[in-house]
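Q: how would this look folded up:
(4 chains)
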Number of protein chains: 2
Amino acid sequence: MRIGELAERTGVSVRSLRYYEEQGLLSSERSSGGHRHYTEHEIDRVEYLQRLYAAGLSSQTILRVLPCLESPSQATSDAAFEQLVVERDRLQAHIAGLSTTLASLDELIALNRAKRS
Amino acid sequence: MRIGELAERTGVSVRSLRYYEEQGLLSSERSSGGHRHYTEHEIDRVEYLQRLYAAGLSSQTILRVLPCLESPSQATSDAAFEQLVVERDRLQAHIAGLSTTLASLDELIALNRAKRS
DNA sequence: CTTGAATCTCACATCCGTGTCAGATTCTAA
DNA sequence: TTAGAATCTGACACGGATGTGAGATTCAAG
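A: So this is what the prediction gives:
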């Protein structure tokens, strides 16, 4: 499929897809004329990238953990694996903080609801 | 206390504290010479602001929900309350997404660990 | 073929909380 | 009173993913 279809099916802009490729996070075959072509597989990849971005990883960080994603094997570099664990722990802590905030927002809502009519 | 101490005690930079004030999120008394002075109360306020920023609210959005924070009463505007609920729901959904990502990172870690020596 | 839609590259803009620097002023302790 | 630290305002810079526009080229359907 071409880039427009991939964009549509993933909900990610064409601009972003090109950016991901530029960052080394997404690959594509090129037609003789230079147009990018993707397989179904890239849909999952793009969606995973979006998840990682949403989790607060930068392009560079994602690049570092990619080997773990692509080939979970003994050959996977220690650096990639360690980075993966670091990011997991960071995300876990982040979620914990957000959960606390969520709880306090809930309290706030209850408090306000009580004081209203 | 002065701005330097507030910064130190909250872990927020002096620059950011001034920015919060500029955005209408933080108030201060001024000395005759123009220096800002804060009470203990502002510590909580700053920490709460940090939580909201971390939860993905923009300055403007925080400004909108502030009335609910400051005076939970019948007088609190409907708009503020509704925005508060919107943000709570947004945060809830966001946490749910992150949790999914966390789970998949955990899987990935387990998978990689298994394949390594 | 031809034509219009899609894609290409390159470059610059945007957002927004924060960093940082400059030059002036204020505060505090000796 | 004076030196040095802290604060003041104002302005510009940054990071990083994404938006946007120009001008050229390619693709696909008639």
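Q: so residue A:4 sits right up against residue A:14, yeah?
A: Yes. Assessed by C-beta atoms under 8 Å, residue A:4 is found in contact with residue A:14 at 6.4 Å. For every residue, glycine as well, the C-beta is placed using N, CA and C.
Q: For residue A:54, which non-adjacent residue is spatially closest?
A: residue B:97 (6.2 Å; C-beta to C-beta, 6 or more residues apart in numbering or on different chains).
Q: quick one: the one you found is in a strand?
A: No. Judged by DSSP: H, G, I helix; E, B strand; the rest coil, residue B:97 forms no part of a strand; its state is helix.
Q: how would you label the residue of chain A found nearest DNA strand D: helix, strand or coil?
A: Ranked by C-beta to the nearest atom of the strand, the top residue of chain A for proximity to DNA strand D is residue A:33, at 2.1 Å. Under three-state DSSP, the three-state class of residue A:33 is coil.
Q: And for it, the neighbour number?
A: By other C-beta atoms under 10 Å in any protein chain shown, the residues close to residue A:33 number 5.
Q: Mind giving me the packing neighbours of the worst-scoring helix or strand of chain A on mean pLDDT?
A: Among the helical and strand segments of chain A, the one scoring lowest on mean pLDDT, DSSP states H and E is helix A:59-70, with a mean of 92. Packing partners of helix A:59-70 (3 or more C-beta pairs under 8 Å, 6 or more residues apart in numbering or on different chains; DSSP states H and E): helix A:41-54, helix A:78-115, helix B:78-115.
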